[in-house]
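Novice: below: sequence and its predicted model.
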Amino acid sequence: MKRLLRDYRGAFGALVLAIAVTCAIAAPLVTGGDPTAQRDIVATRFLAPLSTDGTGAFHLLGTDRFGRDVWTRLAYGARVSLGVGVLSVLISITVGVAVGAVAGYWRGPLAVTLLGLTDFALALPRIVVLLLLAALWRPSTALVVIVLGFTGWMSVARLVHGEVRALAARPFVEGAVAVGARRLRVLARHILPNALTPVIVAAALGVGNAITFEASLSFLGLGVQPPTPSWGNMIASGRDVLVNAPWVATAPGVALVLVVVACTLLGDAVRDALEPSAVSHQPSAPVS
Amino acid sequence: MLTRLAARALAGFGVVAGVVTLTFFLLQVAPGDPVEHLLGPAATPDQIATQRHALGLDRPIAIQYTAWVSRFIRGDWGISIAKGRPVRSVLGDAWPATVRLVGLSLVLTYLLGIVIGAVQAHRRGSRTDTALSVITVTLFAVPGFWLGLMLVMMFTYWARVLPAFGAAGLDADYLTGWSRLADGLRHLALPLVTLTLIGVGGSARFVRGAMLDLGSQAFVTTAHAKGLSPWQVTLRHTLRNALTPVVTLLGLSLPALFSGAVLVETVFAWPGVGRVFVEAVQARDYPVVTAATAVSATLVVLGNLLADALAAWLDPRLR
C-alpha cells in the first residue's frame, strides 16, 4: 500500500478516484440537491459557469437547457457512471475467474469448449454486441450493467487460465494434492489466491473501460435513460448546444477522462507494486 | 504457413457463422414481434397472423433458421424495414466509407504510435518520456465521441475552418478534380483525426512497453557493445524486434477500432457501416442489424488474418 502511494501514478489515481467516489456518495451534501429539478426554465437555462441566477442559487458549472444545475447533475451522474462501472466489472470478474479457473485446472473437452467460447467471444466487436443487446430489450441502467458485465469477462478468463495452468504445475500445489486435498479445495484455497494479482490490475482498468462504454451507450440513447443523469447522456444532451452552452458537454467529458485516466494509472501502479520482481513495461490489458 | 493461414481462415469463418447464428436466435428471444413493428399498433390479430404466415414466422424455428441461412448465403439479405431498400444495397453503399476512414486511421495510428513509443523508449525516464506518457495515457482514456464533439466545437464553431459532418459537401456533385478532392479531404479531416488520436494513446503505450521489455536482452547489449550509436541500436535492433507484437496487437485492436468507428461515424454523420448499424438499432430495423453485424464480424476476422500474415512476413520464426 505504501509502495503504491509513493508511486505518483498510484497517488494521483487514488486521489482522483477518492474525490469522485466522495462526490458521488455525498452528492446531496456537495450540491444544491435534486439533479432533475427545474425552476423557471426561461430565466435559468444556459447560465454560464460561476453565475448566480435570479433566486440567488450559485451555479459552479452553469446550467443546461432546462435550467438544471450541471454540477449537481455531474455529482449524481457519478453515482450512476461509477456504479455501473464497478458492478459490471464485478460480474465480468466473477464469470471470467470461474471460466478461466475451470478451463485451466480441468483439462479435457470442458476446457476446450470453454476456451473456444472465450476466443469466439473475444473476436466479436464488443460495441456490436452491446448495441445489439441494448437494442433488443428496453434500455435501462440494469440492462447496461448486465450487458457490460457479460461482454467483458473474456480477457479475465484468459489471464486466469494462464495463471492457473502455470500454478498447477508448482510444487506447493502438488503438495496439496499429495496430502489428499480435494480438487475444488486445491483450486479455491491454493491456486486462485495466487492467481489474482493480474485480475486486480485488469479490474482497475476494466472499471475505466466500462465507464467509457456506459457513456457511449447512453450517448447513443441506448443506456441510462434521461432524466436520470449519467455522464454519457449528459454529453449527449450537450451535443445540440455546443455553440451557445459548451460547458454542458465539456464538464461530464472532462470528469470521465479524469476518472478513466485515474483507473489506468492506478492499475499500472498496482501491478508494479504487487509484482515488483516481474516488472514488465507492457501496459496491462483491460477487461474489454 | 499456408496451412496455418487456412486453419485461421476456417476459424474465422466459424466466428462469422457463429455471430450470424447468435444474432438470429437473439432476435428470436427478444421481446417484441417484428410483425407488430411492421404493421403498427392498429393491426388486428387476423392481419398479424396473415403477415406472420406470409413471412414464414409461424414455422418451426429450425426450419426458419435453415431457410434464413440459405437465403443469406445466396446474398438475399432481405429488405430494410425503415428504408424500404434491399439491405445489400444499403450496406454496399456504406462499407467503402468505413474502410476508407478506418483504414487510413489504422495506418496513421500505428505510424504515430511507433514513432512516439520509440522516442519514449529511447529517452526513457526523461522529461520527454514523462510528457509523452501523460499525453498518451490521456488520449487512451478519452472517449471518441466526446473528443469528436470537442473538435467540432473548436474547428467548426469557433475557428470555422472544417465541416462538422458528412463525407462530402452539398455541392460535391458539381465539383471536379482538385476541388472535389479537397472537399472530400476537408470532410475526412475531423473524423480521421478523432479516430487516430484515440488510437495513438494505446499504440504508443504498447510500443514503448514492448521496446522496454526488450531493452535488457543480450542482443541489445551486444549491439551497444559493438559500438553502435544509441539511435542505431533503437532503430535497427530494438524497434525491429518490438514490431512483431505490435503487428499482432494491430489485429487484436481491430474490434476496438471498429467500436470507435461506430461512435465516431455517428458523431460526424459519416455515411459508413457504423452509422447504418446505429440507425438500424435505434429503428429496430432487424434485417439491417443482422447483416451489419455479419459485415462487421467479417471485417474484424479479415483484419486478424491480415495481421497474422504480416507478423509471419516480419518474423521468419513464425512462418
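Specialist: Happy to help now that I have it.

Novice: apart from its chain neighbours, what residue comes closest to B:Gly303?
Specialist: Residue nearest to B:Gly303 in three dimensions, not counting chain neighbours: B:Leu254, with 3.9 Å by Cβ to Cβ, 6 or more residues apart in numbering or on different chains. Using the backbone N, CA and C atoms, a C-beta is placed for each residue, glycine as well.

Novice: name the nearest residue to A:Ser51, ignoring sequence neighbours.
Specialist: Leaving out its chain neighbours, the residue that sits closest to A:Ser51 by Cβ to Cβ, 6+ apart is A:His59, at 5.6 Å.

Novice: do the same with A:Ala249
Specialist: Sequence neighbours aside, A:Gly238 is the residue nearest to A:Ala249 in space, at 2.8 Å (criterion: Cβ to Cβ, 6+ apart).

Novice: what is the burial count for residue 193?
Specialist: Using chain A. For A:Pro193, the number of neighbouring residues by other Cβ atoms under 10 Å in any protein chain shown comes to 10.

Novice: chain B, not that one
Specialist: Counted with other Cβ under 10 Å, the burial measure for B:Val193 works out to 18 neighbours.

Novice: surely it and B:Val152 touch.
Specialist: No: with contact defined as Cβ atoms under 8 Å, B:Val193 does not reach B:Val152; the gap is 11.0 Å.

Novice: and for whatever residue of the stretch 51-200 of chain B ends up closest to chain A, nearest residue in space, chain neighbours not counted?
Specialist: When you check the stretch 51-200 of chain B against chain A by Cβ to the nearest Cβ, the closest residue turns out to be B:Ala141, at 3.6 Å. Distances taken as Cβ to Cβ, 6+ apart put A:Val260 closest to B:Ala141, at 3.6 Å, once the chain neighbours are dropped.

Novice: again, but for B:Ala292
Specialist: Counting by Cβ to Cβ, 6+ apart, B:Phe277 is the residue found nearest to B:Ala292 once chain neighbours are left out, at 4.1 Å.

Novice: in the helix or strand hosting that neighbour, what counts as buried?
Specialist: Assigned by DSSP states H and E, B:Phe277 belongs to helix B:273-282. By neighbour count on 16 or more other Cβ atoms under 10 Å in any protein chain shown, the buried set for helix B:273-282 is B:Val273, B:Gly274, B:Arg275, B:Val276, B:Phe277, B:Val278, B:Glu279, B:Ala280, B:Val281.

Novice: as a markdown table, these with distance to A:Ser51 and pLDDT would be great.
Specialist: Rendered in a markdown table, the data for these read as follows (distance: Cβ to Cβ, whole Å; pLDDT from 0 to 100):
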| residue | distance to A:Ser51 | pLDDT |
| --- | --- | --- |
| B:Val273 | 44 | 85 |
| B:Gly274 | 38 | 85 |
| B:Arg275 | 37 | 87 |
| B:Val276 | 42 | 88 |
| B:Phe277 | 41 | 86 |
| B:Val278 | 36 | 85 |
| B:Glu279 | 38 | 85 |
| B:Ala280 | 42 | 84 |
| B:Val281 | 39 | 79 |
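
Novice: neighbours of B:Ile116, how many?
Specialist: Residues lying near B:Ile116 (other Cβ under 10 Å) number 21.

Novice: doesn't it belong to a strand?
Specialist: No: applying DSSP: H, G, I helix; E, B strand; the rest coil, one finds B:Ile116 to be helix, outside a strand.

Novice: give me the element the closest residue to A:Gly33 other than its chain neighbours is part of.
Specialist: Spatial nearest neighbour of A:Gly33, chain neighbours left out: A:Thr72 (6.8 Å); criterion: Cβ to Cβ, 6+ apart. Here A:Thr72 is covered by helix A:70-105, with elements defined by DSSP H and E.

Novice: mind checking pLDDT for the residue nearest the centre of chain A?
Specialist: With the centre of chain A defined as its mean C-alpha position, the nearest residue by Cα atoms, centre = their mean is A:Val207, 2.1 Å away. Predicted confidence (pLDDT) for A:Val207: 91.

Novice: coming back round to it: next SSE after the helix holding A:Thr72?
Specialist: Moving toward the C-terminus from helix A:70-105, the next helix or strand (DSSP H and E) is helix A:109-123.

Novice: any weak-confidence spans in the chain?
Specialist: Just going to use chain A. Residue ranges of chain A with pLDDT under 70: A:1-2, A:4, A:43, A:54, A:56, A:135, A:275-288.

Novice: try chain B instead
Specialist: Low-confidence segments of chain B (pLDDT under 70): B:1, B:30-38, B:55, B:172, B:252-253, B:255-257, B:259, B:318-319.

Novice: all helices for the stretch 151-300 of chain B, in order.
Specialist: Taking DSSP state H, counting those that start in this stretch, the helices of the stretch 151-300 of chain B run over residues B:177-214, B:218-225, B:230-232, B:240-252, B:254-267, B:273-282, B:286-314.

Novice: how about the longest one: buried residues?
Specialist: This points to helix B:177-214. For helix B:177-214, burial by neighbour count (16+ other Cβ under 10 Å) applies to B:180, B:183-184, B:187-188, B:190-214.

Novice: list, out of those, those positioned next to chain A.
Specialist: B:Gly202, B:Arg205, B:Phe206, B:Arg208, B:Gly209, B:Ala210, B:Met211, B:Leu212, B:Asp213 (Cβ under 8 Å from any Cβ of the partner chain).

Novice: thought the third one was touching B:Val246?
Specialist: Yes: shown here, B:Phe206 and B:Val246 form a contact pair, counting by Cβ under 8 Å, at 6.5 Å.

Novice: list residues touching both of those two?
Specialist: Shared contacts of B:Phe206 and B:Val246, defined by Cβ atoms under 8 Å, 6 or more residues apart in numbering or on different chains, are found at B:Gly113.

Novice: show me what from the stretch 51-200 of chain B comes close to chain A.
Specialist: On the criterion Cβ under 8 Å from any Cβ, chain A has as its neighbours in the stretch 51-200 of chain B the residues B:137-138, B:140-143, B:145-146, B:149-150, B:152-153, B:157.

Novice: widest-spaced pair of the residues you listed?
Specialist: When those are compared pair by pair using Cβ to Cβ, the farthest-apart members prove to be B:Val137 and B:Tyr157, with a separation of 28.2 Å.

Novice: give me the more crowded residue out of those two.
Specialist: Just comparing B:Val137 and B:Tyr157: by other Cβ under 10 Å the higher neighbour count belongs to B:Val137, 20 against 13.

Novice: counting contacts, what elements does the helix or strand hosting the more buried one pack onto?
Specialist: The secondary structure element spanning B:Val137 is helix B:127-141 (assigned by DSSP H and E). Under the contact criterion of 3 or more Cβ pairs under 8 Å, 6 or more residues apart in numbering or on different chains; DSSP states H and E, the helices and strands touching helix B:127-141 comprise helix A:247-274, helix B:87-122, helix B:177-214.

Novice: possible to save these as JSON lines with distance to A:Leu47?
Specialist: Compiled in JSON lines, those are given as follows (distance: least, Cβ to Cβ, whole Å):
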{"stretch": "helix A:247-274", "distance to A:Leu47": "9"}
{"stretch": "helix B:87-122", "distance to A:Leu47": "38"}
{"stretch": "helix B:177-214", "distance to A:Leu47": "29"}
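
Novice: I'd like the helices of the stretch 151-300 of chain B laid out as a markdown table, including distance to B:Tyr65.
Specialist: Converted to a markdown table, the helices of the stretch 151-300 of chain B look like this (distance: least, Cβ to Cβ, whole Å):
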| stretch | distance to B:Tyr65 |
| --- | --- |
| helix B:177-214 | 36 |
| helix B:218-225 | 55 |
| helix B:230-232 | 60 |
| helix B:240-252 | 31 |
| helix B:254-267 | 26 |
| helix B:273-282 | 21 |
| helix B:286-314 | 12 |
